[in-house]
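Chemist: Model the structure of this input:
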Amino acid sequence: MDHNPDRISIWPGYFDLKSSRRSGRRVPKDSAVRKPDLEGLFMAARSVGLRKIKREEKISHPKRPHGQEGRLWVSRAGANDSIGSSSKEEIMQLIGCNWREMQNNTDQAEKDSAQRGPNKGDRSARAQRKSRSPQRTQKRKDR
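Modeler: Predicted coordinates for the structure are as follows:
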């Protein structure tokens, strides 16, 4: 692919919370997320305000050829127009902070719904099935 100084490539591996800076994370830990993927990166970039974005799936990072994580192409001029920054580091930190916040919100929503329990009409989730104890099973075999 030809070099275009207007395009910035952003890989999901740059936001991996479990990897170190040495192994490829490019944002601080407070901007990193668990299990980054291309779809989450795309949604976070959209919610930041970036509009000129291109997704490439099934592409592997040169330092991580084992996983085909994909990448995002962002227009530097488009980023400068929409969010006021053309620096790759600033763009990645904005995306990372927003992505982390989105991930925390979904985790909290799942936790709240688990605490509330099943819905009123959901019989399969409300059913209380009694499990057979090993003693009862043994008594039935003896009969």
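
Chemist: what pLDDT, on average, does the biggest helix by length in the chain get?
Modeler: Longest helix in the chain, counting residues (DSSP state H): helix 88-116. Average pLDDT, helix 88-116: 93.

Chemist: which strands and helices sit next to that helix?
Modeler: In this structure, helix 88-116 packs against strand 7-10, helix 38-48, helix 76-83, with contacts taken as 3 or more C-beta pairs under 8 Å, 6 or more residues apart in numbering; DSSP states H and E. C-beta here means a position set from N, CA and C on the backbone, and glycine is covered the same way.

Chemist: count of residues packed around Leu50?
Modeler: 22 (other C-beta atoms under 10 Å).

Chemist: go on, Arg26?
Modeler: Count around Arg26 with other C-beta under 10 Å applied: 19.

Chemist: hang on, it packs against Ile91?
Modeler: No - counting by C-beta atoms under 8 Å, Arg26 stays clear of Ile91, with 11.0 Å between them.

Chemist: Turn the helices and strands packed on helix 88-116 into a markdown table, including distance to Asn98.
Modeler: Listed next are those as a markdown table, based on distance: least, C-beta to C-beta, whole Å:
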| stretch | distance to Asn98 |
| --- | --- |
| strand 7-10 | 13 |
| helix 38-48 | 5 |
| helix 76-83 | 11 |
